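# Fold the following and give me the result.
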Amino acid sequence: MKILLVTDAWHPQMNGVVRTLAETVTALRALGHDVEVIAPSDGYFTLPLPTYPDIRLAPFAKRDVERRILKFGPEAIHIATEGPLGLAARAFCLKWEAPFTTSYHTKFPEYIKARFPFIPLKWPYNFVRTFHNSGGRTMVTTPSMVDFLSKQGFTHLAPWARGVDTDLFNPDKRFAPTDVYKDLARPVFVNIGRVAVEKNIEAFLDLDLPGTKVVVGDGPQLQSLKKAYPDVHFTGAKFGEDLARHFADADVFVFPSKTDTFGLVIIEAMATGTPVAAYPVTGPIDIIPGSRGGRVDTDLRQACLDALMIDRKFAATHAKKFSWAAVTQIFFDLLTPEYTPAARKKWRRVRRLVRIAESPYHLTKKTVRRLWRFLRREAG
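Residues are numbered from 1 along each chain as shown. So this is what the prediction gives:
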C-alpha cells in the first residue's frame, strides 16, 4: 500500500514520538509498503517552537505539502501531529474529502498549560479535539487514554501501543563491558528522557533516596536543574548502545511524568531488566501493574524503594510483549485506506483539476471575466 505519514516530529529530534514513528515506518517498509514521510527536516524553512528551540516547525509549507500529497497519490494518509504540517495535510484532506487517520502522542493541552499557566486548559483542548475528530480514527497509546479522551469529547478512538527494540535494549547490556555508573554510589536511580518542565523531573530530584540520582537527556530545563540540584549527576543525551547501557546499568528507572500518554522509556528500561517506579497515571498504569517489573504509587519515594526489591528478570520478560512487528500491524489495521484502482482514479482527477486551476489559461480567463464584469458595472 502507498502510505503517507505527515509529522511535525521527526529526525533530528530525539524523543519517544520520533522513535515510535521512525520504527513504524521502518517496519512498514520491511513489509513491502511504499511509505512517504513529510517532515520539517525536508528542506523547509523552520522556526523554533517557543520555549523549546530544539523542536523546529515549518509554518510556511502548506503549498508544498499539497503538491507532495498530489504527486505521491497515497492510498492511506496518517497525520501524526497537530503542528503546521499536520494542519496543512488535514486542510487538504478535508478539501478533497480524502480519508485520514491521526494519532495522539502527547497531552498537548497540559504541555501548553505547564509553560503558560495563564491559558485556560479548555482552549488547547478545543483545538486538539477539533483537529482529531475530523479524521476517520484517532490512534492513542493506551486503553486508559481512550477513556480519558472520551471524557474530553474525542470520538473514533482506538488504542495503538508502542514497541521496543529488544536487540538494542536487553539485559545483556548490563555491565557489558563495564559499569557506566562505576564512580557513583549505589543504588543508582535514573531518569532518562527529555529534560523539560512537563516531565515533572523535580518530583524525582526532590526525593530522599539512598545512593545516587542520575538524569540522562537534554532539553530546555537542563541548565536550570543543574544549578538547582548540584548533587545530581547529569550526563546529557545518550544514543544507541550508550543509551541502552545507561538503562541497563541503573538499579531503578524513575518515571515522574504525569502528562505522558504512554512513556516509551518505561518499556525500554524494562527490556534491559531495570524495574520502574512511577505515579499511578495514564501510561504507567497501563504498563506496570501486573507486570511484576515495577511499582506505581502516589508516594513516588515508596515506589522507588519497592522497585529496588524486584527481580530484574520479571521486567525483561514483560517487555518482550511489546514487539515493533505487533505494534506496526495494529497501526496498519487502524488505517482507513482508499484502495486502488479507485484511489488512483481519484488522485488522477484531483491532479487534473489542480493543473487546470493553476494553468495560465485559467488565470487569464478569470481575469477577463472580472474585467468584463467591472466594465459592465461602469457602463451600467
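# Pull the contacting residues for Phe239.
Phe239 makes contacts with Met14, as judged by Cβ atoms under 8 Å, 6 or more residues apart in numbering. Any C-beta I mention is one placed from the backbone N, CA and C, and that applies to glycine too.
# From Val276, how far out is it?
Between Phe239 and Val276 the distance is 21 Å, computed by Cβ to Cβ, to the nearest Å.
# Skipping adjacent residues, who's closest to Asp218 in space?
Nearest residue to Asp218, sequence neighbours excluded (Cβ to Cβ, 6 or more residues apart in numbering): Ala237, at 4.2 Å.
# Can you get me a residue count around Glu97?
Using other Cβ atoms under 10 Å, Glu97 has 8 neighbouring residues.
# list the contacts for the nearest residue to Leu87 once chain neighbours are set aside?
Among residues not flanking Leu87 along the chain, Phe131 sits closest, at 7.5 Å (Cβ to Cβ, 6+ apart). Shown in contact with Phe131 (Cβ under 8 Å, 6+ apart): Glu82, Gly86, Leu87, Arg90, Thr102.
# ok, of these, which come out buried?
When the contacts of Phe131 are checked for burial by 16 or more other Cβ atoms under 10 Å, the buried set is Glu82, Gly86, Leu87, Arg90, Thr102.
# quick one: what helix or strand has the residue nearest to Leu87 in it?
Using DSSP states H and E, the element containing Phe131 is helix 122-133.
# go on, Ile77?
Going by DSSP H and E, Ile77 is part of strand 76-79.
# other SSEs contacting that strand?
Secondary-structure packing of strand 76-79 (3 or more Cβ pairs under 8 Å, 6 or more residues apart in numbering; DSSP states H and E): strand 2-6, helix 84-95, strand 101-104.
# Redo these as TSV? Include mean pLDDT and distance to Arg344.
Converted to TSV, the helices and strands packed on strand 76-79 look like this (pLDDT from 0 to 100; distance: least, Cβ to Cβ, whole Å):
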stretch	mean pLDDT	distance to Arg344
strand 2-6	96	9
helix 84-95	95	17
strand 101-104	97	20
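# And the ones you listed: which comes nearest Val25?
Nearest to Val25 among these is strand 2-6 (6.4 Å), distances taken as Cβ to Cβ.
# ok and the closest one relative to helix 84-95, angle-wise?
Relative orientation of strand 2-6 and helix 84-95, computed by axes from the mean of the first three to the mean of the last three Cα atoms, to 10 degrees: 130 degrees.
# Return the list of helices and strands in contact with strand 2-6.
helix 16-30, strand 34-38, helix 62-72, strand 76-79, helix 84-95.
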